[in-house]
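**Student:** next one to model:
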Amino acid sequence: MSGKNLNARIAAYKEAFASGEIQKTYQNLVGIVQNLRTDFSKTYLDEYSVANVLHGYIDFTYFYLQNDYLKKHKLKLAIVLNHRQAHFELWLLGQTKDVQIGYWEKLKGTKWVNKNTMPEWSIFEIVMLAKPDFDDPEKLSESIHGSFRVLSKDIFDTLLAYE
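**Tutor:** Numbers count the residues shown, from 1 in each chain. Model (predicted):
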């Protein structure tokens, strides 16, 4: 973050919001994630509980998925729209910071885990869809679902192997 004080940054902040494009684009993106969440709750009704969309911060919009295995191990999966990168990620999270640290330590040998630095909010973050076509919601949803099926199976296989 810039070394300037808050008052010095307000002019740029106001300018960024002046046209209304940021607000409109943000709302459109949140809507896409909400539709994905609805799709996931229907598609995986028998496999996962799917939490509501969270978008309290401007940098990430996401929803959690949890099944019996994840719940038992105090873990969650999250489908995340990273606004800064404008792409989708799949995160593995612990219910507490201690759980996250424990799994980060345990999974350091896996391909997703940066063994030098733990992410701030998760155990690991995988890019699911690097260049989403936001203008084709159906194709976007199919791509996210396909990626989720492959990655979640791989994640569960890995978690089981490290138990």
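
**Student:** buried ones in the helix or strand where Glu105 lies?
**Tutor:** Assigning secondary structure by DSSP states H and E places Glu105 in helix 97-106. When neighbours are counted by 16 or more other Cβ atoms under 10 Å, the buried residues of helix 97-106 are found to be Val99, Gln100, Tyr103, Trp104. Heads up, the C-betas are built off the backbone N, CA and C, glycines and all.

**Student:** quick one: it to chain centroid distance?
**Tutor:** Its chain's C-alpha centre and that of helix 97-106 lie 18 Å apart, by Cα atoms, centre = their mean, to the nearest Å.

**Student:** next, the residues that contact it from outside, please.
**Tutor:** Among residues not part of helix 97-106, those counted as contacts by Cβ atoms under 8 Å, 6 or more residues apart in numbering are Lys74, Leu75, Leu92, Leu93, Gly94, Val113, Met118, Ser122, Ile123, Phe124, Tyr162.

**Student:** pairing partners for the helix or strand that comes right after that helix, with directions?
**Tutor:** Beyond helix 97-106 on the C-terminal side, the first helix or strand identified by DSSP H and E is strand 124-129. Note on strand 124-129: by DSSP bridges, its sheet partners are strand 87-94 (antiparallel).

**Student:** now the partner strand - C-alpha only, PDB.
**Tutor:** Written as PDB, here are the backbone C-alpha positions of strand 87-94 (Å, rounded to 0.1, in the frame of the first residue of the first chain):
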ATOM      1  CA  HIS A  87      -9.800 -15.100 -12.500                       C
ATOM      2  CA  PHE A  88     -11.200 -18.000 -10.500                       C
ATOM      3  CA  GLU A  89      -9.300 -19.900  -7.800                       C
ATOM      4  CA  LEU A  90     -10.000 -22.900  -5.600                       C
ATOM      5  CA  TRP A  91      -8.800 -22.600  -2.000                       C
ATOM      6  CA  LEU A  92      -8.400 -25.100   0.700                       C
ATOM      7  CA  LEU A  93      -9.000 -23.400   4.100                       C
ATOM      8  CA  GLY A  94      -8.900 -24.400   7.700                       C
END
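
**Student:** and the angle from that strand to helix 97-106?
**Tutor:** Orientation note: strand 87-94 sits at an angle of 100 degrees relative to helix 97-106 (axes from the mean of the first three to the mean of the last three Cα atoms, to 10 degrees).
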